[in-house]
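1. kindly return the folded structure for what I paste below:
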Amino acid sequence: MPSNPQKKNIDKQIDENLKRVYDDALHEPLPDRFTDLIAQLRSKGQDDSDDK
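-> Residues are numbered from 1 along each chain as shown. Below is the predicted model:
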């Protein structure tokens with residue numbers, strides 16, 4: 001199968017863009033509503049373990 005340099009270049013650009021977007025998403029802060037929900041769940045978990 002003959003290689004297609006243009007397709008390889010496009011694939012490389014797609015890979016680089018996907019990695020960049022993923023990396024950016026990893027470094028975004030968690031929304032306040034998620035941190036509030038996590039705090040509520042942790043509090044609820046501690047309340048449940050205190051009852052035992």
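2. C-terminal to whatever helix or strand residue 9 lives in, what's the next element?
-> Using DSSP states H and E, residue 9 maps to helix 5-26. Note on helix 5-26: by DSSP H and E, the next helix or strand toward the C-terminus is helix 32-50.
3. CA atoms of that following helix as PDB?
-> Provided in PDB are the C-alpha atoms of helix 32-50 (Å, rounded to 0.1, in the frame of the first residue of the first chain):
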ATOM      1  CA  ASP A  32     -17.900  25.500  41.700                       C
ATOM      2  CA  ARG A  33     -21.000  23.400  41.500                       C
ATOM      3  CA  PHE A  34     -18.800  20.200  41.300                       C
ATOM      4  CA  THR A  35     -16.600  21.200  44.200                       C
ATOM      5  CA  ASP A  36     -19.800  22.000  46.200                       C
ATOM      6  CA  LEU A  37     -21.300  18.600  45.300                       C
ATOM      7  CA  ILE A  38     -18.100  16.800  46.300                       C
ATOM      8  CA  ALA A  39     -18.100  18.500  49.600                       C
ATOM      9  CA  GLN A  40     -21.700  17.500  50.200                       C
ATOM     10  CA  LEU A  41     -21.000  13.900  49.300                       C
ATOM     11  CA  ARG A  42     -18.000  13.800  51.600                       C
ATOM     12  CA  SER A  43     -20.100  15.300  54.400                       C
ATOM     13  CA  LYS A  44     -22.800  12.800  53.800                       C
ATOM     14  CA  GLY A  45     -20.300   9.900  53.800                       C
ATOM     15  CA  GLN A  46     -18.900  11.100  57.100                       C
ATOM     16  CA  ASP A  47     -22.400  11.400  58.600                       C
ATOM     17  CA  ASP A  48     -23.300   7.800  57.400                       C
ATOM     18  CA  SER A  49     -20.100   6.400  59.000                       C
ATOM     19  CA  ASP A  50     -20.800   8.200  62.300                       C
END
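4. so, low pLDDT: which residues of the chain?
-> Filtered on pLDDT under 70, the chain yields the residue ranges 1-2, 50-52.
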